[in-house]
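Chemist: this one's sequence-less:
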């Protein structure tokens, strides 16, 4: 064989290696999975992938060195808990053999199977899992842009915003008006605005009893509604008022400078203003082409693979998960299901239909908990409720039952954060 | 009676198949959201790993029928069939 023919063959081999993605499994090295987002969904999925098949090389891309959990952050706002109790590091995640890459994913090339980070780094994958949580739809509520959040905090991504809202409540004079606006569905943590209203009402009742709390709602119905309303009538009569859509609760614009909420019928100027704003999937979902026109990500209910891009899976709040709510429990449940499916797909197997569970506790007062639970299965291409299962806490129950649920709520938080981060 | 015995044998066969598989059976992966996997976590909710298989089956069936009062388990157990419960119980019983 002459030199030119040898070179031609070499060049040909190099070219085919570059163009045809050979499964990493076949070469003896493990397949590569990149997980973007280190919250309840992403961190759970990264660890579950390693447990499902230790041959899988897992990289977790996360911008923050610590994770600040949203569940129980309403208790921080109400002064019942400190923010460090919400914060977790990735040391134990890394100890599972996961490569933690500090950075922000800015682009995905589904054809080249590569993720680009803000610093220009490029990570290639056999399967990609996106767990980007939510982004605020800035401007969707007229007047509510990023600078406005410094005056009217959303506190819907836990951390500095949580502390800002708490400081504003602490600085408010007794007799002040607190206003919370709640968005239309879907949004992160459906019972969240109402738990927040409850715990802020508890703070006002105990510390600033002449104050008032108004909840302006873009909806006429909400999660655990009857339980919340019964508890409000019992615990916070005359203090907490909920204004539904049909009674003029829909906020059409805000003015941050004066902390004013404008509805079709009235203007409410607040001493402390909390906007729970319209939301969408975290922005990498849009960049990757996995978000649809709703701003959220349609997925296959068995594998959580995107319906819009192959080999990209979406889990947690960003996903359109049918009847499953956008909750930490659901994110954790989806992450484990997705990890098992990804491991099977990488091994050439076909994942079986899963069943998933959600449980969400809400605190109406520190010693008063209520819950909703559900069981889900793929039905007609969506995750649907299993008929006859699930539901909320009993409407008639002694206070001991509510107290027991408050204890279970805290136990749930310890358990799930230990599974994900410890 | 014969039908009941056949059903029990069927459950055991399914359970044995599930126990042999590395993948958790349908629904089992969600349990650790509330039931601690680590013995170091303090919770009134019991760990499931290594529990007696028959005891898990009985608990799930009693939650489902309403014979046993639950906080959320009465609502969750209603979402699972006898076969699924048997598979989940076998999977946890086989863990350490």
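Modeler: The structure has been received and is ready for your questions. Quick caveat: nothing in here was measured; it's all calculated off a predicted structure.
Chemist: and whichever residue of chain B sits closest to chain A, how many neighbours does it have?
Modeler: Residue nearest to chain A within chain B: residue B:79 (2.7 Å; C-beta to the nearest C-beta). Just so you know, the C-beta spots here come from the backbone N, C-alpha and C atoms, and that holds for glycine as well. The local packing of residue B:79 (other C-beta atoms under 10 Å in any protein chain shown) involves 23 other residues.
Chemist: Flag every residue of chain B that's near chain A.
Modeler: Residues of chain B found near chain A (C-beta under 8 Å from any C-beta of the partner chain) are B:22-24, B:26-27, B:29-38, B:40-45, B:71-72, B:75-80, B:84.
Chemist: quick check, residue A:358 in a helix?
Modeler: No. Residue A:358 sits outside any helix when classified using DSSP: H, G, I helix; E, B strand; the rest coil, being strand.
Chemist: per-residue confidence at residue A:5?
Modeler: Note on residue A:5: pLDDT of 45.
Chemist: Of the residues of chain B next to chain A, which belong to helices?
Modeler: B:75-77, B:84 (DSSP state H).
Chemist: so can I have CSV of those residues showing neighbour count?
Modeler: As requested, those are exported to CSV (neighbours: other C-beta atoms under 10 Å in any protein chain shown):
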residue, neighbour count
B:75, 24
B:76, 27
B:77, 21
B:84, 18
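Chemist: ok, of those, which one's closest to residue A:334?
Modeler: residue B:76 (16.3 Å; C-beta to C-beta).
Chemist: Ends of stretch B:28-41, what's the gap?
Modeler: The first and last residues of stretch B:28-41 sit 19 Å apart, counting by C-alpha to C-alpha, to the nearest Å.
Chemist: contacting residues around it?
Modeler: Here stretch B:28-41 makes contact (C-beta atoms under 8 Å, 6 or more residues apart in numbering or on different chains) with A:48, A:329, A:332-333, A:336-337, A:340, A:354-357, A:359, A:408, A:411-412, A:414-416, A:418-419, A:422, B:43, B:45-49, B:72, B:87-88, B:91-92.
Chemist: Counting only helices, which of those residues make the cut?
Modeler: Counting by DSSP H, the contacts of stretch B:28-41 place A:48, A:329, A:332-333, A:336-337, A:340, A:408, A:411-412, A:414-416, A:418-419, B:87-88, B:91-92 in helices.
Chemist: show me where pLDDT drops low in the stretch 151-300 of chain A?
Modeler: Scanning the stretch 151-300 of chain A for pLDDT under 70 picks out nothing.
Chemist: And the residue of it that's closest to chain B?
Modeler: residue A:224 (12.8 Å).
Chemist: need the contact list for that residue.
Modeler: Shown in contact with residue A:224 (C-beta under 8 Å, 6+ apart): A:191, A:194, A:362, A:370-372, A:392-393.
Chemist: try 7 Å
Modeler: Listed by C-beta atoms under 7 Å, 6 or more residues apart in numbering or on different chains, the contact set of residue A:224 reads A:191, A:362, A:370, A:372, A:392.
Chemist: same check, this time on residue A:188
Modeler: Listed by C-beta under 7 Å, 6+ apart, the contact set of residue A:188 reads A:134, A:156, A:279, A:317, A:326.
Chemist: what's the answer for residue A:377, then?
Modeler: Applying C-beta under 7 Å, 6+ apart to residue A:377 gives the contacts A:353, A:355, A:384, A:386.
Chemist: and the residue lying closest to residue A:204 once chain neighbours are set aside, how many residues sit next to it?
Modeler: Spatial nearest neighbour of residue A:204, chain neighbours left out: residue A:211 (4.4 Å); criterion: C-beta to C-beta, 6 or more residues apart in numbering or on different chains. Around residue A:211 sit 22 other residues, with neighbours defined as other C-beta under 10 Å.
Chemist: Wait, residue A:211 touches residue A:202, no?
Modeler: No. Assessed by C-beta atoms under 7 Å, residue A:211 is found out of contact with residue A:202, at 11.8 Å.
Chemist: burial of residue 40, as a residue count?
Modeler: Just so you know, I chose chain A. Residue A:40: 32 neighbours (other C-beta under 10 Å).
Chemist: my bad, the chain I had in mind was chain B
Modeler: Residues near residue B:40, counting by other C-beta under 10 Å: 8.
Chemist: ok, now residue A:330?
Modeler: Neighbour tally, residue A:330, other C-beta under 10 Å: 29.
Chemist: So the closest residue to chain B within the stretch 201-350 of chain A versus residue A:44, what's the distance?
Modeler: Here the residue of the stretch 201-350 of chain A nearest chain B is residue A:336; by C-beta to the nearest C-beta that distance is 3.8 Å. According to C-beta to C-beta, to the nearest Å, residue A:336 and residue A:44 sit 6 Å apart.
Chemist: residue contacts, the spatially closest residue to residue A:48 that is not a sequence neighbour?
Modeler: Nearest non-adjacent residue to residue A:48, counting by C-beta to C-beta, 6+ apart: residue A:339, 3.5 Å away. When contacts are counted by C-beta under 7 Å, 6+ apart, residue A:339 touches A:45, A:48-49, A:52.
Chemist: related to what we said a few turns ago, quick one: the contacts of residue A:224 as CSV, columns for secondary structure too.
Modeler: CSV is the format used below for the contacts of residue A:224 (three-state DSSP):
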residue, secondary structure
A:191, coil
A:362, strand
A:370, strand
A:372, strand
A:392, strand
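Chemist: Nearest to residue A:290 among the residues you listed?
Modeler: Closest approach to residue A:290 among these (C-beta to C-beta): residue A:191, at 26.9 Å.
Chemist: Look at the closest residue to the closest one other than its chain neighbours and give its secondary structure.
Modeler: Spatial nearest neighbour of residue A:191, chain neighbours left out: residue A:223 (4.1 Å); criterion: C-beta to C-beta, 6+ apart. Assigned by three-state DSSP, the conformation of residue A:223 is coil.
Chemist: Hmm, residue A:223 is touching residue A:372, no?
Modeler: Yes. At 6.3 Å, residue A:223 and residue A:372 qualify as touching, with contact defined as C-beta under 7 Å.
Chemist: ok, back up a step: looking at residue A:336 and residue A:44, which is more packed in?
Modeler: residue A:44 (32 against 28).
Chemist: can you pull the pLDDT of the residue of the stretch 201-350 of chain A closest to chain B?
Modeler: Per-residue pLDDT puts residue A:336 at 98.
Chemist: these two touch, right, residue A:359 and residue A:327?
Modeler: No. The pair residue A:359 / residue A:327 is not scored as a contact, 8.4 Å apart, by C-beta under 7 Å.
Chemist: Now stretch A:401-411: buried residues?
Modeler: By neighbour count on 16 or more other C-beta atoms under 10 Å in any protein chain shown, the buried set for stretch A:401-411 is A:401-402, A:404-406, A:408-411.
Chemist: That one and chain B, are they touching?
Modeler: Yes. Contact of stretch A:401-411 with chain B (C-beta under 7 Å from any C-beta of the partner chain) involves A:404-405, A:407-408, A:411.
Chemist: quick one: contacts of that stretch?
Modeler: A:361, A:363, A:366-371, A:393, B:43-45, B:71.
Chemist: let's see 8 Å
Modeler: So stretch A:401-411 is contacted by A:72, A:231, A:361-371, A:393-394, B:34, B:42-45, B:71-72 (C-beta under 8 Å, 6+ apart).
Chemist: Stretch A:342-351 too?
Modeler: The contact list for stretch A:342-351 (C-beta under 8 Å, 6+ apart) reads A:23, A:25, A:31, A:33, A:49, A:52-53, A:56, A:126-127, A:129, A:302-303, A:313, A:340-341, B:23.
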